[in-house]
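Visitor: dropping a prediction and its sequence here:
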Amino acid sequence: MYPPEIQASMIHYPSQDGTQINAYLSRPAAAGRYPGVVVIMEAFGLIDHIQDVARRFAEQGYIAVAPDMYTREGSPDPSHMDSVLKTMFSVPDTQAVADLEGVITYIKRLPDSNGKVGAIGFCSGGRYTLILGCKSTNLDAAVDSAGGFIMQDQHTPQRPVSPIDMIPTLSCPLLGLFGEEDPNPSPAQAARMQEELDKHGKTYEFRMYRHAGHAFFADYRPSYRAAAAQDMWHRVLVFYDQYLKA
């Protein structure tokens, strides 16, 4: 059962290549003009936790859409990491960007959209958020929560460019949220990212949490850290208030 003030359902929207992408939509029930948030899933897929995050944004006055980034590939078994990683690494970055551009367009065309859309991603979704902010000119604010593999030791046809090398073209404000105990991205990698943002004069905010590692926001996993997660949620809402609601 959902709170009466929001609505939630599965939808389909067109990617830039025409593929119909599965997605979870949650929105305020009352009439109005609302900003949008693209909630980008972790490597495990469009699981209950990601849908719950979308509902949390709807309760705060956002049209939240969580795309299934594995619509074509099929969702892996979340309990088998080999399957999860195989699926995650098989998705080309160009395909991911096209699917995310499609959902931005979908939200902005809704009659109750205020015309502004942000993105937030967790773990692999944080990586996609950074890439999207660098590749798209339609995104108004980006939140990267523990986005890994921002500096790649090897490049593949699916991942031909390290996200950190895309920063010169970042076109929207970025909020980066990381944990000191995270090996991917490590504090050193996050610091290197910050250097690039400074070098190219980008608008950003960073927060590095003590006693927190990878996926510290994921309240269904042992990695969850309540204090860091609660502070992060507050910072995200303040950030989006500034760039999406103002």
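Guide: Cool, the structure landed.
Visitor: which stretches of the chain form helices?
Guide: Applying DSSP state H to the chain gives helices spanning 48-59, 81-90, 93-108, 124-135, 187-199, 226-240.
Visitor: can you tell me the closest non-neighbouring residue to R210?
Guide: E180 (5.3 Å; CB to CB, 6 or more residues apart in numbering). (Each C-beta comes from the backbone N, C-alpha and C, glycine too.)
Visitor: same check on T203?
Guide: P173 is the one closest to T203 (CB to CB, 6+ apart), at 4.4 Å.
Visitor: distance of the one you found from V161?
Guide: Using CB to CB, to the nearest Å, P173 is found at 22 Å from V161.
Visitor: name the residue in these two with the higher neighbour count.
Guide: Neighbours were counted for P173 and for V161 using other CB atoms under 10 Å; P173 has more, 19 against 12.
Visitor: just the pLDDT at that one, thanks.
Guide: Model confidence at P173, given as pLDDT, is 98.
Visitor: OK, contacts around it?
Guide: Shown here is P173, whose contacts under the criterion CB atoms under 8 Å, 6 or more residues apart in numbering are A141, A142, T203, Y204, E205, F239, Y243.
Visitor: quick one on the thing from earlier: doesn't H214 make contact with the residue nearest to R210?
Guide: No: if you go by CB atoms under 8 Å, E180 and H214 don't touch, sitting 11.0 Å apart.
Visitor: comparing these two, which residue is more hemmed in?
Guide: Neighbours were counted for E180 and for H214 using other CB under 10 Å; H214 has more, 20 against 14.
Visitor: okay, V97 and V103: tell me how far apart.
Guide: Taking CB to CB, one finds V97 at 11 Å from V103.
Visitor: who has more neighbours out of those two?
Guide: V103 (25 against 18).
Visitor: quick one: contacts for the residue nearest to L139 when sequence neighbours are not counted?
Guide: Nearest non-adjacent residue to L139, counting by CB to CB, 6+ apart: C172, 4.9 Å away. Under the criterion of CB under 8 Å, 6+ apart, the neighbours of C172 are G133, L139, D140, A141, A142, T203, Y243.
Visitor: which strand residues bridge R27?
Guide: With DSSP bridges as the criterion, R27 is bridged to Q7.
Visitor: please apply the same query to the one 10 residues further on.
Guide: Each beta-bridge partner of V37 is listed here, defined by DSSP bridges: A64, G118.
Visitor: so what pLDDT did it get?
Guide: 98.
Visitor: ditto for the one 10 residues further on
Guide: In the predicted model, I47 carries a pLDDT score of 95.
Visitor: ok, back up a step: from F216, how far off is the residue nearest to R210?
Guide: 10 Å.
Visitor: tell me, what's touching these two both at once?
Guide: Common neighbours of E180 and F216 (CB under 8 Å, 6+ apart) are Y209.
Visitor: so what's A142 closest to, chain neighbours aside?
Guide: Using CB to CB, 6+ apart, the closest residue to A142 is G133 (3.8 Å).
Visitor: what's the spacing between the residue most central in space within the chain and A30?
Guide: The centroid of the chain falls nearest to G121 when counting by CA atoms, centre = their mean (1.9 Å). G121 sits 28 Å away from A30, taking CB to CB as the criterion.
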